[in-house]
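Need the 3D shape of this:
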Amino acid sequence: PSCSRVHAVLQWHSAQHTWLVFDFGSTHGTKLNHKRLRAHKYYKVEVGHILQFGSSQRMYILNGPPPPPTSLQTPPPTQGEKALTVDTDTGIKQQQQQHSMQRMMQQLAARAKTEQHHAHKNKHHTRA
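Coordinates of the predicted model:
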């Protein structure tokens with residue numbers, strides 16, 4: 001398995017009203033929006049962002065209502081960290097990300113449906 005027992009944590013930071021992800025120094029790492037995170041650092045996670053743990057093909061997407069317009073002003077990254085957030089200054093990038101997310105969700109749903117069908121089909125074949 002490529003995920004550690006204690007791999008990473010996704011936690012709500014009430015003072016900043018935001019989600020944060022923290023990798024505990026796992027062997028195979030954690031990715032946010034397909035970019036590997038440095039261990040032992042907090043990274044902001046927003047609705048629509050994608051998390052991956054280890055070399056697993058599973059993608060976890062933070063779902064929820066869009067943030068209120070006042071929270072689109074993301075504070076600058078601290079201690080020289082690069083921001084891993086969506087550029088909210090242009091509506092085009094946001095629309096592209098939403099379209100990409102919708103496509104990915106449709107693909108994931110179709111893949112899950114296919115896997116369920118094959119699992120159900122194999123279950124009946126093994127009984128015979």
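
Student question: in this protein, what's the helix or strand with minimum average pLDDT?
Ranked by mean pLDDT, DSSP states H and E, the weakest helix or strand in the chain is helix 91-127, scoring a mean of 66.

Return the set of residues that bridge with T18.
Counting by DSSP bridges, T18 forms beta bridges with H13.

Touching, it and E46? I think so.
Yes. Between T18 and E46 there is a contact at 7.4 Å, judged by CB atoms under 8 Å. Where you see a C-beta, it was placed from the backbone N, CA and C, and this is true even at glycine.

Overlap of the contact sets of the two?
When CB atoms under 8 Å, 6 or more residues apart in numbering defines a contact, no residue borders T18 and E46 alike.

what's the neighbour count on Q52?
If you count neighbours by other CB atoms under 10 Å, Q52 ends up with 20.

Tell me who's in contact with it.
Contacts of Q52 by CB under 8 Å, 6+ apart are T30, K31, H34, R58, M59, Y60.

what's the nearest residue to the third one if we skip its chain neighbours?
Residue nearest to H34 in three dimensions, not counting chain neighbours: I50, with 6.9 Å by CB to CB, 6 or more residues apart in numbering.

Any figure for the gap between H40 and H28?
15 Å (CB to CB, to the nearest Å).

Oh, that last question was meant for H7, not what I typed.
From H7 across to H28, the span is 8 Å (CB to CB).

which neighbours do those two share?
By CB under 8 Å, 6+ apart, H7 and H28 have these common neighbours: F53, G54.

Hmm, Y60 and H49 touching each other?
No. Contact criterion CB under 8 Å: H49 and Y60 do not qualify, at 9.3 Å.

who has more neighbours, these two?
Under the criterion of other CB under 10 Å, the comparison of H49 against Y60 puts H49 first, with 20 against 14.

State the pLDDT value of the more buried one.
You'll see H49 listed with a pLDDT of 95.

Would you mind giving both backbone torsions of it?
When read as degrees, to the nearest 10, the backbone of H49 gives phi -70, psi 150.

Could you measure from it over to A8?
H49 is 14 Å from A8, where distance means CB to CB.
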